[in-house]
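Undergrad: sequence unknown, structure follows:
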């Protein structure tokens, strides 16, 4: 059996698709998702080390944890525009270098300022990878399987998060705690950052073997190179058709892509498709998922679990997240994007409300230790993990799938730049504010707030989001 087979299904009928080649380049591109997840999750088990090493209070912890998000917002905005100028693959290679440098510097930081700089640098890589990997995948895959292959990005994000959780747990367990001395006399929390250099180097070298996006090549007038890539992807006959189709989709606008294209030329207003993209990006964060990713260990310790148990709960959440993403991969091209978003919004609203109720029963003993009475600790744990499942079966992967495919060719880079920037600004607002909100007004009120946004997201999807399942990228309108 050869890799090249006749594609079937909506958007793929009659296409000789080289599944082996497509799978290989998607696998490389999604290492960016792994790095996105690892760089975001590694902070989860290091906060005690940061607090003691840099003498940080609650606000200081929030700033150090949230520093990556400043870089991510800048990286997401800059990457979309830069990808239109120098190519998708080149931007991914830059992000790999940023990951590598950040890992080394963060582990070696001797003060909070250096650490913040290191995390901002890593954030530039995270932001770039978060928007460019989905775009690249959507531009090299057939419409009939684009959703499931784009969903692999979220699987890799969660795999990266889980990998960071496992590494943090193993290092803390072996050393005795995250602040205990480990190899070469350095505390374990520093090695949690340094280990990230290994996958970052793998990502950098793997990118050398994949081609540039054919849609970028056509946009730059490099039709012969685009034809070569498309031939390897879909066969010669389909390559002939696709080069013409991509060229025609760009011909309506006889200029290079620019931010002003995001305004409708007739009305002068922002295109509705951009508002839909911004809304998807922001609501994905307003439901509070990164509180679990960034502060999971601190959160569970705050309600009575030990550090060891809290790190194990992080691993459980990561495994459940991967399982939920695999469900999405199996269904997103069959039942569509919008139904998954609607079910996810409803499920998250209910489970977050249950978590909030459980936290509202917390009690503090004479020594100041906090715990959840009766079965409420288990209720909070089960509801929180059900919430993680609902998120990762819907908004986690589907938001990135849609941002990678919903914009027309002419505005894809600019649309991703703005939506990605909005996503990371919302992420920063939620993540930086959580330590203070957890103290006042408290965990219960904070989680009720996340439940409210999950409920609102349901109605946003119903009103603003159009289904994109099975549609060719050249057919997207905005």
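TA: Yep, that arrived. The structure displayed is predicted, hence computed values, not measured ones. Numbering: from 1, shown residues only.
Undergrad: contacting residues around stretch 82-91?
TA: Stretch 82-91 has contacts (CB atoms under 8 Å, 6 or more residues apart in numbering) with 79, 94, 128, 132, 135-136, 139, 207, 210-213, 216, 219, 256-257, 413-414. Yep, even glycine has a C-beta here, placed from its N, CA and C like the rest.
Undergrad: mind listing what's buried in it?
TA: 82, 83, 84, 87, 88, 89, 90, 91 (16 or more other CB atoms under 10 Å).
Undergrad: gap between stretch 403-410 and the chain center?
TA: Offset of stretch 403-410 from its chain centre (CA atoms, centre = their mean, to the nearest Å): 17 Å.
Undergrad: what's the first-to-last distance across that stretch?
TA: Chord length of stretch 403-410, first to last residue, is 14 Å (CA to CA, to the nearest Å).
Undergrad: hmm, back to that, the buried residues of stretch 82-91 in helices, which ones?
TA: For the buried residues of stretch 82-91, membership in helices holds for 82, 83, 84, 88, 89, 90, 91, with DSSP state H as the criterion.
Undergrad: how near is the first one to residue 373?
TA: Between residue 82 and residue 373 the distance, using CB to CB, to the nearest Å, works out to 53 Å.
Undergrad: list just the nearest of the buried residues of stretch 82-91 to residue 202.
TA: Using CB to CB, residue 89 is the member of the buried residues of stretch 82-91 that sits closest to residue 202, with 15.9 Å.
Undergrad: the stretch 251-400 of the chain: helices as residue ranges?
TA: Assigned by DSSP state H, counting those that start in this stretch, the helices in the stretch 251-400 of the chain fall at 272-286, 289-302, 307-335, 337-360, 376-392, 395-405.
Undergrad: which helices and strands sit right next to the fifth one?
TA: In this case it means helix 376-392. For helix 376-392, the packing partners by 3 or more CB pairs under 8 Å, 6 or more residues apart in numbering; DSSP states H and E come out as helix 289-302, helix 307-335, helix 337-360.
Undergrad: residues contacting it, please?
TA: Helix 376-392 is touched from outside by 154, 158, 287, 289, 292, 303-305, 313, 316-317, 320-325, 328, 343-344, 347-348, 351-352, 354-355, 358-359, 361, 371-372, with contacts defined as CB under 8 Å, 6+ apart.
Undergrad: give me the buried subset of those.
TA: 154, 158, 287, 289, 292, 303-305, 313, 317, 320-322, 324-325, 328, 344, 347-348, 351-352, 354-355, 358-359, 361, 372.
Undergrad: and the two most separated of the ones in helices among the buried residues of stretch 82-91?
TA: Largest separation among these by CB to CB: 84 and 89, giving 13.1 Å.
Undergrad: nearest residue to residue 225 other than its sequence neighbours?
TA: residue 217 (4.8 Å; CB to CB, 6 or more residues apart in numbering).
Undergrad: host element of that neighbour?
TA: Assigned by DSSP states H and E, residue 217 belongs to helix 214-219.
Undergrad: and the average pLDDT for that helix is what?
TA: Across helix 214-219, the average pLDDT comes to 86.
Undergrad: which elements pack onto whichever strand or helix holds residue 173?
TA: Per DSSP H and E, residue 173 falls inside helix 146-175. Secondary-structure packing of helix 146-175 (3+ CB pairs under 8 Å, 6+ apart): helix 19-29, helix 31-41, helix 112-140, helix 188-194, helix 307-335, helix 395-405.
Undergrad: comparing those helices, which gets the lowest mean pLDDT score?
TA: Looking at these, the bottom one is helix 307-335 with a mean of 80.
Undergrad: correct me if wrong: residue 78 contacts residue 125.
TA: No. Contact criterion CB atoms under 8 Å: residue 78 and residue 125 do not qualify, at 11.4 Å.
Undergrad: which of the two has more neighbours?
TA: residue 125 (31 against 19; other CB atoms under 10 Å).
Undergrad: name the nearest residue to the more buried one, sequence neighbours excluded.
TA: Per CB to CB, 6+ apart, closest to residue 125 is residue 98, 3.4 Å.
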